[in-house]
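Asks: I would like the atomic coordinates for the input below:
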Amino acid sequence: MSANATTRIFYGWWIVAAAFLNFFFVVGIIFYGFPVFYGSFVESLGFTRAQVTQGFFLGFLIVGLPFGLVAGAVIDRVGAKWVILAGAALVGTSLLLMARMTKLWQYEALCVLEVLGYVFAGPIATQVLVARWFRARRGRAMGIAYLGLGCGGVVAPLLVNYLIHAHGWRHALEIVAVALMAVLFPVGIWVTRSTPEEFGWQPDGEPSQSTAGAAADSSRVAQAVRTKNFWLILFGSTLAIGAIGAVIQHFILFLKDQGYSATVAARYSTGLLVASLAGRILVGYAVDHVSKKNAMAVFYFLIGASVVLLMAARVPTVVWVFAAIFGFSMGADYMLVSLVTAECFGTSSLGKLLALIIMGYSLGQWGFPWVVGKIFDARHSYDLAWKLTAVAGMAGGLAIYLVSPRRENAPPT
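Replies: Take a look at the predicted model:
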């Protein structure tokens, strides 16, 4: 596609559309749709609940942090486009191979491969991509892009449930893999551009100016890591997003234990994700005009507080209330991580910083579900697990509240 200064629609909005699709498939479908397969893995392959959730946890332990740093460094040096394409190929390949697995070790190995693809094509590259195309309208652009994650999540539970019932879980995995690659490869090749500078622009479509000295800003990553803000963002995000991961990965299994059918449980999951769409839309527009870190702190706290409602999940109305509060708050959280990080440290080395933060909180995102699974396997109840999850989310909100938004040592955005 061509682009120039007189184009009616700023090309950055095409980048937002590409980011939307990337979030839809790599994060939305995989993160929210994959737990629907867990019941099939338990019934068909004999896996335990801890085992079905530990695959991705092992993946992040083994390849998450080191390859996240590699991805961040490559993004900062050569741009996000080819990193995203490589990640999409890895995710699609892992799903195709997973359709043929018969052993636990095969599942774990393929989860590691899928995590590697997620690291390359997921939030790190996509958030940096959008952040570099926008400045004044960054919150709005990030909110629209993150609608892809929410839409993927809304579609995923019911779609995967339908595919499993209509074609079996093995063919369902193959269909998801082919759809992912059929969309993301053409978009990545012909639409995605890593920076507005490729067209002679600055963020938001303004004419390009000299960027001398930008390369020197990358050396300030080590300086950023030594700040209190960095560790508060990392710690708070790990706790709150860990709480989200615990709920999302076990929500359908938990509801089935409460007496709901798989179809009804999928509807509640879909309702939760519909609520997240509202969070992404409203918060995406609002955070360009309010304190980003305070908004992030409030939503993290609500994520934890709402989990308490799961103690009364046998009452359908309570489940819907939980889904509305938790979903809306969840819809705001992921995009706020990148916005608060950019606000504190700038964007010139955002890839490396987000790699550190996202890989850190990803251990919580997948480690918490594994811990919850172990607690359930030991106690045959989610009560203790939900109490710990609630405390973690609220503590994460407190940590983010303590972040100082002043960028005393940050490079320019």
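Asks: all contacts plus neighbour counts: C-alpha atoms, from now on.
Replies: OK.
Asks: how about low-confidence regions in the stretch 151-300 of the chain?
Replies: 208-219 (pLDDT under 70).
Asks: show me where it has helices.
Replies: Under the criterion DSSP state H, counting those that start in this stretch, the stretch 151-300 of the chain contains helices at 169-190, 214-217, 221-225, 228-257, 262-286, 292-307.
Asks: which parts of the first one are buried?
Replies: Which is helix 169-190. 169-177, 180-181, 184-185, 187-188 (16 or more other C-alpha atoms under 10 Å).
Asks: how about low-confidence regions in the stretch 1-150 of the chain?
Replies: In the stretch 1-150 of the chain, residues with pLDDT under 70: 1-8.
Asks: and of the helices of the stretch 151-300 of the chain, who's closest to residue 372?
Replies: Closest to residue 372 of those is helix 228-257 (C-alpha to C-alpha; 6.6 Å).
Asks: what does stretch 327-344 rub up against?
Replies: With contact meaning C-alpha atoms under 8 Å, 6 or more residues apart in numbering, stretch 327-344 is reached by 127, 138-139, 142-143, 146, 150, 229-230, 233, 237, 244, 272-280, 283-284, 292-293, 296, 299-300, 302-303, 350, 353-354, 404-407, 410, 413.
Asks: For the buried ones among the residues you listed, write the corresponding ChimeraX selection.
Replies: Here is the ChimeraX command that selects the buried residues among the contacts of stretch 327-344 (16+ other C-alpha under 10 Å):
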select :127,138,139,142,143,146,150,229,230,233,237,244,272,273,274,275,276,277,278,279,280,283,284,292,293,296,299,300,302,303,350,353,354,404,405,407,410,413
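Asks: Identify the residue spatially nearest to residue 170, adjacent ones excluded.
Replies: Leaving aside its sequence neighbours, residue 170 sits nearest to residue 99 (C-alpha to C-alpha, 6 or more residues apart in numbering; 4.4 Å).
Asks: My read is that the one you found contacts residue 174, right?
Replies: Yes. Between residue 99 and residue 174 there is a contact under C-alpha atoms under 8 Å: 6.4 Å.
Asks: For the residue nearest to residue 170, the count of nearby residues, please.
Replies: 18 (other C-alpha atoms under 10 Å).
Asks: cool, residue 48 as well?
Replies: Residue 48, neighbours per other C-alpha under 10 Å, totals 17.
Asks: chain center to stretch 67-83: distance?
Replies: In terms of C-alpha atoms, centre = their mean, to the nearest Å, the centre of stretch 67-83 is found 17 Å from the chain centre.
Asks: Need the residues that contact it.
Replies: With C-alpha under 8 Å, 6+ apart, stretch 67-83 has contacts from 116, 119-121, 124-126, 128-129, 188-189, 192-195, 348-356, 359.
Asks: Who are the contact partners of the residue nearest to residue 170?
Replies: Counting by C-alpha under 8 Å, 6+ apart, residue 99 touches 169-171, 173-174.
Asks: possible to save these as JSON lines with distance to residue 103?
Replies: Below are the contacts of residue 99 laid out as JSON lines (distance: C-alpha to C-alpha, whole Å):
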{"residue": "169", "distance to residue 103": "15"}
{"residue": "170", "distance to residue 103": "14"}
{"residue": "171", "distance to residue 103": "17"}
{"residue": "173", "distance to residue 103": "16"}
{"residue": "174", "distance to residue 103": "18"}
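Asks: Which member of the residues you listed is positioned nearest residue 37?
Replies: Using C-alpha to C-alpha, these come closest to residue 37 at residue 169, 6.9 Å.
Asks: Correct me if wrong: that closest one contacts residue 37.
Replies: Yes. Between residue 169 and residue 37 there is a contact under C-alpha under 8 Å: 6.9 Å.
Asks: measure residue 271 to residue 321 for me?
Replies: According to C-alpha to C-alpha, to the nearest Å, residue 271 stands 10 Å off from residue 321.
Asks: More neighbours: which of these two?
Replies: Higher neighbour count among residue 271 and residue 321: residue 271, with 18 against 15, using other C-alpha under 10 Å.
Asks: Does that one touch residue 153 like I think?
Replies: No. If you go by C-alpha under 8 Å, residue 271 and residue 153 don't touch, sitting 9.9 Å apart.
Asks: returning to that earlier point: what values do phi and psi take at the residue nearest to residue 170?
Replies: With angles defined as degrees, to the nearest 10, residue 99 sits at phi -70, psi -10.
Asks: ok now do residue 351, which residues does it touch?
Replies: By C-alpha under 8 Å, 6+ apart, the residues touching residue 351 are 71-73, 75-76, 124-125, 128.
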